[in-house]
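S.K.: With the input below, show me the fold.
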Amino acid sequence: MDSIHPLTALVVGLVILAAAGIMFWPHGGLLDRWRASRRVTSRVRSEDALKHAYDCEYRGLTCSLESIAGALDIPRDQAADVVERLEQSNLLRSAAGALTLTGEGRSYALRVIRVHRLWEHHLADESGLQETEWHDDAERHEHSLTPQEADALAARLGNPAFDPHGDPIPSSTGTIPRRPGAPLTELPVGRLGRVIHVEDEPKTVYAQLVALAIHPGTQVRMIESRPDRVRFTADEEEAVLAPLLARNITVQQIGSKERIAGPYRTLAGVAKGEPAVVAAIARSCRGQQRRRLMDLGFVPGTTIVPEMVSAGGDPVAYRLRGSLIALRRSQAQQIYVSKEGTT
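M.R.: Next comes the predicted model:
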């Protein structure tokens with residue numbers, strides 16, 4: 001049998017040594033990275049489970065092994081491992097099939113929720129990210145920011161009490177107010193209300209509500225409530241939702257003697273050639289998008305006229321201050337107007 005050439009043996013040895021170094025290097029090797037990744041995944045799942053347990057507690061629902069498996073989208077045996085770790089860490093306790101948070105577990109959950117909601121507020125005010133993307137981005141950051149970084153972020157944002165969806169933001173000490181109001185489906189026919197919260201999960205449902213320009217602050221009037229549909233106006237734009245979707249909107253009823261201030265009509269409802277006056281920009285329009293509209297001249301008191309409509313009806317070109325500016329319907333729905341001469 002022919003012997004291996006010394007140079008070949010040297011090359012093979014170096015390749016094996018390099019491969020071993022890549023795999024087993026103490027700081028940065030593949031094995032070390034894999035272990036770190038598993039630790040991160042384990043921590044993220046634990047924190048997500050605590051968030052789910054708190055959400056159940058807040059809503060008055062029962063948290064169980066099955067509900068955690070569903071919320072985390074993992075098999076039941078993996079959920080059982082998560083629950084076991086949390087019980088061993090005195091963050092969760094089990095009794096008669098129900099899972100409840102310990103005091104320490106509740107504090108931990110609130111820290112994660114605080115980061116999530118602060119980060120969504122940051123995205124709304126300081127980024128150009130679409131609002132349908134806020135939740136997913138906050139999901140990633142809620143597991144990485146330290147409590148000290150969260151406090152610094154809160155201070156920079158002015159210590160907001162609620163996130164852009166109307167969810168209360170826990171304080172650094174863990175205090176959190178209960179949200180008032182009731183689902184839109186419970187608003188009596190003919191009565192007025194103000195949206196105070198829009199549920200941002202699941203994402204597909206939230207996207208439909210965003211498309212209808214429904215957000216905290218929107219003024220609603222119930223027209224018809226049936227088992228198969230809910231018909232209402234949102235800032236005088238009529239909308240129809242299935243009851244299941246309408247329950248994702250929380251409203252606070254406005255008394256009959258209370259005057260609802262503010263404009264109701266949006267620019268999207270102005271006919272071609274009809275002059276209107278900008279009254280306000282919706283509170284849901286924030287950050288870079290709001291600054292861009294204002295820079296283009298969409299400020300209160302400005303007269304605007306729709307002049308050109310595309311073949312598909314979207315976008316529409318509006319004339320203001322001697323210029324033609326095209327806006328998508330979703331953008332025009334963010335601009336409140338009144339008839340010329342009525343402001």
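
S.K.: The chain: strands as residue ranges?
M.R.: 92-95, 98-101, 182-183, 192-198, 219-225, 230-234, 237-241, 249-254, 276-281, 303-309, 316-320, 323-327, 335-339 (DSSP state E).

S.K.: Would you reformat those as JSON lines and include distance to D73?
M.R.: The way it works is simple: take the backbone N, C-alpha and C, and place the C-beta from them, glycine included. JSON lines is the format used below for these (distance: least, C-beta to C-beta, whole Å):
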{"stretch": "strand 92-95", "distance to D73": "19"}
{"stretch": "strand 98-101", "distance to D73": "17"}
{"stretch": "strand 182-183", "distance to D73": "26"}
{"stretch": "strand 192-198", "distance to D73": "23"}
{"stretch": "strand 219-225", "distance to D73": "33"}
{"stretch": "strand 230-234", "distance to D73": "29"}
{"stretch": "strand 237-241", "distance to D73": "26"}
{"stretch": "strand 249-254", "distance to D73": "25"}
{"stretch": "strand 276-281", "distance to D73": "38"}
{"stretch": "strand 303-309", "distance to D73": "44"}
{"stretch": "strand 316-320", "distance to D73": "41"}
{"stretch": "strand 323-327", "distance to D73": "38"}
{"stretch": "strand 335-339", "distance to D73": "39"}
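
S.K.: And the helices in the stretch 51-200 of the chain?
M.R.: Listed in chain order, the helices of the stretch 51-200 of the chain (DSSP state H, counting those that start in this stretch) span residues 65-72, 76-88, 103-126, 134-141, 147-157.

S.K.: and of those helices, who's closest to P180?
M.R.: Relative to P180, the nearest member of the helices of the stretch 51-200 of the chain by C-beta to C-beta is helix 103-126, separated by 17.5 Å.

S.K.: what helices or strands is the closest one leaning on?
M.R.: Using 3 or more C-beta pairs under 8 Å, 6 or more residues apart in numbering; DSSP states H and E as the contact test, the elements touching helix 103-126 are helix 30-59, helix 134-141, helix 147-157, helix 287-295.

S.K.: Out of those, which gets nearest to E104?
M.R.: Of all those, helix 30-59 sits nearest to E104, with 10.1 Å by C-beta to C-beta.

S.K.: so which of the strands of the chain comes closest to P147?
M.R.: Of all these, it is strand 98-101 that lies closest to P147, at 18.2 Å by C-beta to C-beta.

S.K.: which residues sit against the closest one?
M.R.: Residues from elsewhere that reach strand 98-101 (C-beta atoms under 8 Å, 6 or more residues apart in numbering): 50, 53-54, 57, 62-65, 68, 83, 91-94, 109.
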